[in-house]
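Engineer: 3D model of this:
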Amino acid sequence: MTRDGAVATSEWFEDEEFWTAYAPIMFDEPRWAEVPSAIDAIERLVGLEPGSAVLDSCCGPGRHSIELASRGYRVTGIDITEAYLEAARESAGGDARFIRADVREYSPGASFDLALNLYTSFGYFADPADDLVALRRLRACLRPGGALVLETTGKETAARDFTAGESFERGGWGVRTEYSVVGAWEGLRNRWILERGDEIVDREFVLRLYSGTEMRAALLAAGFRSARILGSLDGGPYDQSATGLVALAIA
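Structural biologist: Residues are numbered from 1 along each chain as shown. Predicted coordinates:
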């Protein structure tokens with residue numbers, strides 16, 4: 001059952017086979033190599049000190065969690081994909097905790113100094129109201145004064161950089177992508193087709209898009225005391241040169 005008593009239906013991101021199939025594409029060596037610089041930027045942005053408690057929501061195979069734990073942070077990673085969590089536990093070697101949990105339902109109490117939601121892991125719920133539920137849960141996980149850093153694709157940058165598709169090789173697969181706009185830029189439909197010999201994996205999903213002002217309004221509605229919209233983890237402005245949408249919200 002859902003929170004309102006309706007019969008629950010599965011969403012695309014709950015399909016473990018999807019994440020297993022696409023892991024070589026999403027988490028190849030360059031994606032792991034970029035993590036230290038991303039954490040450097042987050043440390044500067046938030047002013048975090050080693051020993052702080054960090055929640056890595058939608059942590060995947062633990063790229064950021066593992067790096068944070070290696071720097072002395074007390075890290076908890078949550079995700080719904082057990083295969084990713086198992087890989088993260090093996091790589092972390094006990095230096096971080098990994099828990100199978102839905103970000104909309106995770107409720108450990110106000111115990112974290114920092115919550116992260118990185119690598120465009122926000123905006124996939126079928127019901128837009130669940131986005132606010134997730135933000136409220138993240139707010140409730142933070143101690144007063146704690147910070148949330150959320151990284152996603154902004155509506156403005158999606159429109160600026162839009163392409164109908166591309167083809168490339170990655171992780172031993174031939175990859176073809178197709179993109180289309182949903183509604184009046186409410187979302188971006190993604191179709192990823194992987195080919196390797198006779199093997200083909202073909203999946204489609206929609207990323208809900210937020211403008212900078214819409215994201216800030218959502219964070220304030222979720223109970224954050226303040227929210228800034230930035231153009232990168234380095235703290236640059238969300239302007240015509242932004243590489244993405246980064247929200248920094250304070251509980």
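
Engineer: please report how far Ile42 lies from Glu82.
Structural biologist: 26 Å (C-beta to C-beta, to the nearest Å). All C-beta atoms are positioned from the backbone trio N, CA, C, and that covers glycine.

Engineer: should've said Ala38
Structural biologist: 25 Å.

Engineer: break down the stretch 1-150 of the chain into its helices, ranges please.
Structural biologist: 16-26, 29-33, 35-46, 63-70, 82-92, 129-140 (DSSP state H, counting those that start in this stretch).

Engineer: neighbours of the residue nearest to Ala164 when sequence neighbours are not counted, how many?
Structural biologist: Counting by C-beta to C-beta, 6 or more residues apart in numbering, Tyr179 is the residue found nearest to Ala164 once chain neighbours are left out, at 6.1 Å. Burial measure for Tyr179: 16 neighbouring residues, criterion other C-beta atoms under 10 Å.

Engineer: what helices and strands are in contact with the strand or helix carrying Tyr179?
Structural biologist: Here Tyr179 sits within strand 173-182, counting by DSSP states H and E. Helices and strands touching strand 173-182, by 3 or more C-beta pairs under 8 Å, 6 or more residues apart in numbering; DSSP states H and E, are helix 16-26, strand 165-170, strand 187-196.

Engineer: show me the shaky parts of this protein.
Structural biologist: Within the chain, the segments meeting pLDDT under 70 span 1-9.

Engineer: tell me the domain ranges of it?
Structural biologist: Following automatic domain parsing, the chain resolves into domains at 12-156+209-250, 159-205.

Engineer: so which of the ones you listed is the most packed in?
Structural biologist: Stretch with highest mean neighbour count among the domains of the chain: domain 12-156+209-250 (a mean of 18; mean count of other C-beta atoms under 10 Å).

Engineer: that one: end-to-end distance?
Structural biologist: 31 Å (C-alpha to C-alpha, to the nearest Å).

Engineer: how far out from the middle of the chain is it?
Structural biologist: Computed by C-alpha atoms, centre = their mean, to the nearest Å, the separation of domain 12-156+209-250 from the middle of its chain amounts to 5 Å.

Engineer: cool, and stretch 181-189?
Structural biologist: When C-alpha coordinates are averaged (C-alpha atoms, centre = their mean), stretch 181-189 and its chain have centres 19 Å apart.

Engineer: contacting residues for the spatially most central residue of the chain?
Structural biologist: Centroid-nearest residue in the chain: Ser121, 2.3 Å away (criterion: C-alpha atoms, centre = their mean). Listed by C-beta atoms under 8 Å, 6 or more residues apart in numbering, the contact set of Ser121 reads 57-58, 60, 152.
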